[in-house]
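K.L.:
need a 3D model of the sequence below.
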Amino acid sequence: MQSISPNDLKTGGKDPPIAYPAPMAGPAPTRYRYDVFLSHSSADKPVVRELAERLRAAGLRVWFDEWLIRPGDLISAKLEEGLEHSAVLLFCMSANAFGSPPSSRSACATVIR
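P.N.:
Take a look at the predicted model:
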């Protein structure tokens, strides 16, 4: 993207030029396994599941606990692994989320980083 100096803005009454980044097709190449980690209260699972499905349909790689944590897995280890390999943490906040242990763990792990 080219920068615009104040002198460039003197256009004689015409709109100043606007520099837009080139559009991208799909998610940007990344070192992360997931584009987004969804942190939520289990009480909000139906709403967050719909969000996860929509994000996945849009081409994003979504870390959603229901899809990636299996019986017998150590939940805290799976959460930490998911956070470590996600580009973005999305807190799905509602009245249910305040005080929810999984959300609290996600927040603590993120702050430590």
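
K.L.:
hey, where'd the strands end up in the protein?
P.N.:
Per DSSP state E, the chain carries strands over the ranges 34-39, 62-63, 86-91.

K.L.:
kindly format the C-alpha coordinates of stretch 39-59 as CSV.
P.N.:
The C-alpha coordinates for stretch 39-59 follow below in CSV (Å, rounded to 0.1, in the frame of the first residue of the first chain):
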residue,chain,number,x,y,z
SER,A,39,-14.2,-19.6,24.0
HIS,A,40,-17.6,-19.9,25.5
SER,A,41,-19.8,-21.1,28.3
SER,A,42,-21.3,-24.6,27.9
ALA,A,43,-24.8,-22.9,28.5
ASP,A,44,-24.2,-21.0,25.2
LYS,A,45,-23.2,-24.1,23.2
PRO,A,46,-26.1,-24.1,20.7
VAL,A,47,-25.5,-20.4,19.7
VAL,A,48,-21.7,-20.9,19.6
ARG,A,49,-22.1,-24.1,17.6
GLU,A,50,-24.0,-22.2,14.9
LEU,A,51,-21.3,-19.5,14.9
ALA,A,52,-18.6,-22.2,14.5
GLU,A,53,-20.5,-23.8,11.6
ARG,A,54,-20.8,-20.4,9.9
LEU,A,55,-17.2,-19.5,10.4
ARG,A,56,-16.2,-23.0,9.0
ALA,A,57,-18.5,-22.5,6.0
ALA,A,58,-16.8,-19.2,5.3
GLY,A,59,-13.5,-21.1,5.0
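
K.L.:
buried residues in it, which are they?
P.N.:
Neighbour counts over stretch 39-59 (16 or more other CB atoms under 10 Å) mark 39-41, 44-45, 48, 51-52, 55 as buried. Any C-beta I mention is one placed from the backbone N, CA and C, and that applies to glycine too.

K.L.:
how long is stretch 61-79 end to end?
P.N.:
Taking CA to CA, to the nearest Å as the measure, stretch 61-79 stretches 16 Å from start to finish.
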